[in-house]
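*Asks:* Structural data only, the sequence is not supplied:
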């Protein structure tokens with residue numbers, strides 16, 4: 001594999017990209033309404049005539065300084081949009097030209113209007129209401145304040161009620177990719193995993209199939225629950241290739257609960273940690289992506305690629321979900337691991353600059369610009 005991963009990825013996309021239209025992804029189960037918010041540092045006039053807090057650090061310092069007193073901070077609503085790890089990843093997969101079906105919480109008994117177009121395009125089966133995320137965005141990161149209680153409605157029994165057993169089997173049987181995301185905020189996700197493994201997956205036909213999992217920052221969950229969830233994820237390997245996607249914080253938490261060293265953060269340590277996590281869980285692939293690049297490990301080795309860092313992103317909420325969509329698009333096209341990583345950082349890089357998911361043609365143009 002050449003070290004010029006950008007040129008190699010461009011060549012792979014030119015050769016294989018059109019095959020994506022024959023692939024089908026099934027994505028579930030969370031849904032959120034994302035309220036993109038900028039905390040106001042100084043107001044200069046009406047509407048959007050203001051200066052936002054320049055960083056999460058500055059915002060934090062204002063809050064700390066208010067200890068023992070009080071403070072008031074204006075929150076300016078920039079936009080309200082479709083959100084949730086599942087819908088954001090699914091929408092990004094759609095942009096590549098892939099067939100996508102979504103199952104989950106877009107509104108019940110009726111789909112919420114904010115998801116209407118997405119639900120139509122993914123022939124969505126919605127059996128729960130969405131949560132709400134207040135996403136406070138800064139140049140150096142974001143603070144996600146979530147209201148996820150609606151996700152308590154997401155259970156295996158309600159999934160079966162909505163699709164029917166035959167419908168679920170047919171959908172999963174045709175899928176090339178089954179992406180089950182946001183383990184952290186979906187309380188019954190581990191139980192859903194176990195039920196799928198016991199009742200649904202053994203009935204599928206024998207064909208190549210990939211399973212993707214994203215934890216979505218498990219910091220609030222007890223360590224024993226995280227460990228149980230990870231081992232449940234690992235058992236999907238019996239039914240296809242398992243890919244576990246982790247951002248840096250998630251990678252550190254998973255490494256800690258599995259006893260994998262990850263004290264120093266650099267490309268070499270991330271590759272090593274990804275490989276050791278993969279070996280501990282005995283799964284196909286582990287990806288760890290900080291903001292400056294990404295590492296992955298498979299049974300064939302480990303790789304790192306640099307990413308196109310953006311100093312002033314148009315949006316950051318959903319950047320990780322677009323990374324995941326890019327990586328799995330590469331996987332479904334059969335690209336080598338470093339090209340999957342390059343595609344992933346490019347899809348994410350395009351999204352945070354342009355605030356929409358790119359087509360593969362747009363990704364190719366973007367790849368040549370950084």
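*Replies:* That came through, no problem. Here the structure is a predicted model, which means the values were calculated and not measured.
*Asks:* tell me which element residue 6 falls in.
*Replies:* helix 5-16 (DSSP states H and E).
*Asks:* With residue 170 instead?
*Replies:* helix 165-174.
*Asks:* any low-confidence regions in the stretch 201-350 of the chain?
*Replies:* Counting by pLDDT under 70, the stretch 201-350 of the chain contains no low-confidence segment.
*Asks:* ok now the next helix or strand after the helix holding residue 6, how far from the chain's centre?
*Replies:* Using DSSP H and E, the next helix or strand after helix 5-16 towards the C-terminus is strand 24-29. Between the centre of strand 24-29 and the centre of its chain there are 12 Å (C-alpha atoms, centre = their mean, to the nearest Å).
*Asks:* What segments of this protein are strands?
*Replies:* Taking DSSP state E as the criterion, the chain contains strands spanning 24-29, 32-43, 50-52, 75-83, 99-104, 125-126, 131-138, 141-147, 177-181, 210-214, 241-247, 285-289, 293-298, 301-306.
*Asks:* Which among those is found nearest to residue 10?
*Replies:* Comparison of the strands of the chain against residue 10 by C-beta to C-beta identifies strand 301-306 as nearest, at 13.7 Å. All C-beta atoms are positioned from the backbone trio N, CA, C, and that covers glycine.
*Asks:* what angle separates the closest one from strand 293-298?
*Replies:* 170 degrees (axes from the mean of the first three to the mean of the last three C-alpha atoms, to 10 degrees).
*Asks:* what's the distance between strand 301-306 and the middle of its chain?
*Replies:* That offset, for strand 301-306, works out to 19 Å (C-alpha atoms, centre = their mean).
*Asks:* Can you add distance to residue 190 and mean neighbour count and give the strands of the chain back as TSV?
*Replies:* Below are the strands of the chain laid out as TSV (distance: least, C-beta to C-beta, whole Å; neighbours: other C-beta atoms under 10 Å):
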stretch	distance to residue 190	mean neighbour count
strand 24-29	13	25
strand 32-43	20	19
strand 50-52	38	16
strand 75-83	23	16
strand 99-104	16	25
strand 125-126	21	20
strand 131-138	18	20
strand 141-147	19	15
strand 177-181	11	25
strand 210-214	11	24
strand 241-247	14	24
strand 285-289	19	27
strand 293-298	24	24
strand 301-306	28	18
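*Asks:* who's the nearest residue to residue 251 once chain neighbours are set aside bridged to?
*Replies:* If you skip the residues right next to it in sequence, residue 251 has residue 288 as its closest partner in space, 3.9 Å away by C-beta to C-beta, 6 or more residues apart in numbering. Per DSSP bridges, the residues bridged to residue 288 are residue 246, residue 295.
*Asks:* circling back: report the buried residues of the helix holding residue 6.
*Replies:* Buried residues in helix 5-16, counting neighbours by 16 or more other C-beta atoms under 10 Å, are found at 5-6, 8-10, 12-13, 16.
*Asks:* circling back: elements contacting the helix holding residue 170?
*Replies:* If you count contacts as 3 or more C-beta pairs under 8 Å, 6 or more residues apart in numbering; DSSP states H and E, helix 165-174 packs onto strand 24-29, helix 156-163.
*Asks:* Give me the angle between that helix and strand 24-29.
*Replies:* Using the same axes, to 10 degrees: helix 165-174 against strand 24-29 is 120 degrees.
*Asks:* quick one on the thing from earlier: kindly reformat the helices and strands packed on helix 165-174 as TSV and extend each row with distance to residue 359.
*Replies:* Shown next, in TSV, are those (distance: least, C-beta to C-beta, whole Å):
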stretch	distance to residue 359
strand 24-29	16
helix 156-163	29
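*Asks:* Same list, the ones you listed, but as a markdown table with mean pLDDT and distance to residue 316 please.
*Replies:* Below are the helices and strands packed on helix 165-174 laid out as a markdown table (pLDDT from 0 to 100; distance: least, C-beta to C-beta, whole Å):
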| stretch | mean pLDDT | distance to residue 316 |
| --- | --- | --- |
| strand 24-29 | 98 | 21 |
| helix 156-163 | 98 | 31 |
